[in-house]
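# Predicted model, plus sequence, below.
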Amino acid sequence: MGEVNKVRIEATEDDLESWLWLLELMHNKGLITIVQKPTKFYPNRGSDIIKRAYFETKLNREPE
């Protein structure tokens with residue numbers, strides 16, 4: 001199994017919700033393990049629209 005990956009996504013709040021949905025779908029299908037979900041979306045510097053979210057995931061792929 002892979003190492004823990006720290007992922008930062010910058011997008012609108014609606015798109016961050018879509019990313020969270022997609023990552024949870026991948027988790028439910030066994031493709032990734034979500035180690036940590038964002039507890040909140042942070043404002044992005046210089047933008048009132050764009051927010052930031054931080055995830056920690058592992059890729060569930062065995063080396064060939």
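Yes, it's here.
# what's the nearest residue to His27 if we skip its chain neighbours?
Using Cβ to Cβ, 6 or more residues apart in numbering and skipping residues adjacent in sequence, the residue nearest His27 is Ile34, 4.8 Å away. (C-beta placed from N, C-alpha, C; glycine too.)
# Bridging across strands, which residues link to the residue nearest the centre of the chain?
Centroid-nearest residue in the chain: Phe55, 4.2 Å away (criterion: Cα atoms, centre = their mean). Listed beta-bridge partners, Phe55: Val7 (assigned using DSSP bridges).
# same question, the one 4 residues further on
Note on Leu59: beta-bridge partners Ile32, judged by DSSP bridges.
# Check the spacing between it and Lys6 real quick.
Applying Cβ to Cβ, to the nearest Å, the value for Leu59 to Lys6 is 13 Å.
# Same drill for these two, tell me which one is more crowded.
Set Leu59 next to Lys6 and count neighbours by other Cβ atoms under 10 Å: Leu59 wins out with 14 against 10.
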